[in-house]
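Undergrad: pasted the sequence and its predicted model underneath.
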Amino acid sequence: MRKNQPGSEPDHQFSEIMLSRSRRSDRLQGYIWGIAAPFICTLIDWPLRHVLGPASILMIYLLGVFLVASRYGRGASIIASFLSAPVFAFYFASPIFSFAISDLENIIGLGVMIVVANVTSNFVERVQLQADIAKQRENRANALYRLSQALSEAQNRQAVARIAVSHIYDDFGALSVLLFPDQAFQLHYPSDPPLEHSLKSSNLKIAQQIYQNPTALQTEPKDLINYYPLERSQLIQGVLAIQSPTDSDLMSPELITFFETFLSLISQTLERLRLTEQANNANLQAETESLRNALLSAISHDLRTPLTRIIGASTALIENNAEFSAEENLDFNKVILDEAQRMAELTSKMLDMARLTAGELVLHQEWNALEEIVGSALNRLEKNLAARPVRTLLPDHLPLLWIDAVLVEQVLTNLIENAIKYTPEGSPIDISAELLADTIKISVSDYGFGIPKGMEEKIFDKFYRLESESHQGGVGLGLTLCRAIIEAHGGTIQAVNHSGKGASFIIHLPSRDPPQFNWHEGMEA
Amino acid sequence: MSEIKPLILIIEDDPQTRRLLKTNLCNRGWRVIEAENGKLGLSLVKSDSPDLVILDLGLPDIDGISVTKRLRQLSDLPVLVLSARSQEQNKIMALDAGADDYLTKPFSTGELHARLQALLRRVMRTASSMEIFQTGDLKVELARRKVFIADNEVHITPIEYRLLLILIRHAGLVVTHRELLKEVWGVEHIHDQHYLRIYMGQLRHKLEINPARPRYLLTEIGVGYRLVDDEES
């Protein structure tokens, strides 16, 4: 498998190609040294020719050959040793300046030198080969590690495809594409914009065959694309189409094993995604189921209670009207009114929740003044607040907020309503705001019993109600609604117990620069 | 109020609600005529010329917004719109189409009476131009363009005064953002909500003891503003 995109050099061009290329330049260098070494030895020996005997001079040549052999291997060392022989014969062996050698000793010396060169270079080659193999293995291990690392973070098939294609290109220099089946088990070329190194075309017919029968023929020789099933636990998740190598000799068995490991990593990841999805679906189903049950029981309880009272009071009024005093009459009527109002509140909350959970939460954001929203919420709850002291601590020059006023008012109303419901009559409620670096912090605090320890998050859950409040109306949706609304605004809401004994609900809303107010324009009219 | 009791037309398809409204209004001494759909309602407006219309937005034949528009073409009699909650957009559309105020179902009798009173008063006011407007401690001398809180004069800017004036003209009734923006800054600024927020804020700070819990200048979130009319209750 080799790259065929001119000009783009992958980061980790792998193994064979790189190694053979680097060796080629090495070899050339080796031959040059093989030729040069005997002459360098001659230069060293020449001034010493009267001091040293021929045997010692021969040792210098031997050293030269040995060095070349150890560094550049066989070819270079053979050149060096065979070149050393005539050079030595010419300059040092008697008769000098002739290639003839008369001395038997020198002939043996030369023979030894050639043998040493051969043996050494054999050793060196073997060591080098092992080093190469080790390096190759390391590279492959690294490549697999990088791949598994990248795949472990993939959250969907598209991500897997992206990672697989880019890693295949980096490590094999081949273009490829992952073909996934649709609901009807038909493979498709990905509809997303093509990846940088993806194969632009593939034969879907062959891919489909392999998808349906993984043992089928894997290559269509003509179009030079190989198809591999991505198989895991007897389930084929898709098919990988990859350019075939044009030089078959580059596909060593080891490389094939490496490639198969690559494939199995990809298949594993796809399998993981499939199982996760299955688990999620199961969870979702279970959650919907339990939600439905909770909703049903909440509704039946919370709607039936006021209905029972209304029916009771009204039948009493109709059937025994004559016997009641005016006062009793009024009492019964009050019961009917109160319970009807509770039901109205309940149904409107449920409607809101239904709208929010149906994904219909569309924010109508506008520049709004917090002061107005607080004022409106308090006005709405005027009757419920009765004689409760409400302290509003809003800074005078709070910037306008980019929010949906109706929904944020709903949040404040819910929070204040909660405070009224769950704290002793007459205890104060504080509403304050504070401008922070890039948020506006709004708190609604009461002076009641606070939130039981460990329940600070739980109370935001759907249908969750504290034990102590089960006699209160409400389906436990108020805070869930609040959180959904605030989060839709990109904010946060938390419940804490404050030091002054009581609960605080703290909202952070992102603050944005309000529009430039054109005073001139504002004044003009 | 005049000697003749006002005549109120109820356009509402639900017979129970209609009956309830009728009983309530008759107890107050008002005269009531009923229509169960928009078509009948419009023809009754032409034939009986009522003093006020209560219009349900969810009618079976013509939608409430269209009825409002046609009503406006016929006359400028006050129109009170009834709508279910969570229909902010509908309310605003009805108001912008010419309705004078709205009530959200379910509502109490008290709320209904207060709205109707405010609407009928508005009619009287335009008839006899007002010299002084007073609600609680807030007093506005319209001829001299002076504003007082508990007899202390409050200085307000021309724009603030214009805002206040529009709200006074509709005292007790809701005025939509759009209408205020159009009246004060002109049609080209009907989307510059922040103008309104800033000036209303200033006005509240000048007229209210606690601007975060206003007594006079109420905010109808998502719809507009309402100046409390003391005589309501």
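TA: Looks like it arrived, so ask away.
Undergrad: hey, what's the residue of chain B most remote from its centre bridged with?
TA: No residue in chain B sits farther from the centre than B:N152, which is 28.6 Å out by CA atoms, centre = their mean. Going by DSSP bridges, B:N152 is paired in beta bridges with B:I149.
Undergrad: give the contact list for the residue nearest to B:D51 when sequence neighbours are not counted.
TA: Spatial nearest neighbour of B:D51, chain neighbours left out: B:P6 (4.1 Å); criterion: CB to CB, 6 or more residues apart in numbering or on different chains. Every C-beta, even on glycine, is put in place using the N, C-alpha and C of the backbone. Neighbouring residues of B:P6 by CB atoms under 8 Å, 6 or more residues apart in numbering or on different chains: B:W30, B:R31, B:D51, B:L52, B:L120.
Undergrad: is it true that A:N384 touches A:T413?
TA: No - counting by CB atoms under 8 Å, A:N384 does not reach A:T413; the two are 9.9 Å apart.
Undergrad: got any ranges where chain B has weak pLDDT?
TA: Applying pLDDT under 70 to chain B flags the ranges B:1-3, B:85-87, B:126-129, B:231-233.
Undergrad: give me every residue that touches the spatially most central residue of it.
TA: Nearest to the mean C-alpha position of chain B, counting by CA atoms, centre = their mean, stands B:L173 at 2.8 Å. B:L173 is in contact with B:D100, B:D101, B:R115, B:A118, B:L119, B:R122, B:R226, counting by CB under 8 Å, 6+ apart.
Undergrad: do you know how far it is from B:D137?
TA: From B:L173 across to B:D137, the span is 21 Å (CB to CB, to the nearest Å).
Undergrad: how far away is B:F148 from chain A?
TA: 22 Å (CB to the nearest CB, to the nearest Å).
Undergrad: identify the residues contacting the residue nearest to A:S202 when sequence neighbours are not counted.
TA: Of all residues not flanking A:S202 in the chain, A:A241 sits nearest, at 4.0 Å (CB to CB, 6+ apart). By CB under 8 Å, 6+ apart, the contact set of A:A241 is A:S176, A:V177, A:L178, A:L179, A:L199, A:S202, A:N203, A:A207, A:I225, A:N226, A:Y227.
Undergrad: which SSE is A:A241 in?
TA: For A:A241, the host element (DSSP states H and E) is strand A:235-243.
Undergrad: report the rounded mean pLDDT for the longest helix seen in chain A.
TA: Selection of the longest helix in chain A by residue count, based on DSSP state H, yields helix A:253-319. For helix A:253-319, mean pLDDT rounds to 81.
Undergrad: would you map the helices across chain B?
TA: B:15-27, B:38-48, B:64-74, B:88-96, B:109-127, B:158-169, B:177-185, B:193-207.
Undergrad: before we move on, what about the stretch 51-200 of chain A?
TA: For the stretch 51-200 of chain A, the helices defined by DSSP state H, counting those that start in this stretch occupy A:54-72, A:74-91, A:104-152, A:157-172.
Undergrad: how about the residues of chain B by chain A?
TA: B:85-86, B:88, B:106, B:158-159, B:162, B:184-186, B:189, B:193-195, B:197-201, B:204-205, B:210-214, B:218-222 (CB under 8 Å from any CB of the partner chain).
Undergrad: now with 6 Å, please.
TA: Those residues of chain B that sit near chain A, judged by CB under 6 Å from any CB of the partner chain, are B:85, B:88, B:106, B:184-186, B:193-195, B:197, B:201, B:211-214, B:218-219, B:221-222.
Undergrad: the residue sitting nearest the centre point of chain A and B:L207: what is the separation?
TA: Most central in chain A under CA atoms, centre = their mean is A:E153, positioned 4.2 Å from the mean C-alpha point. Using CB to CB, A:E153 is found at 59 Å from B:L207.
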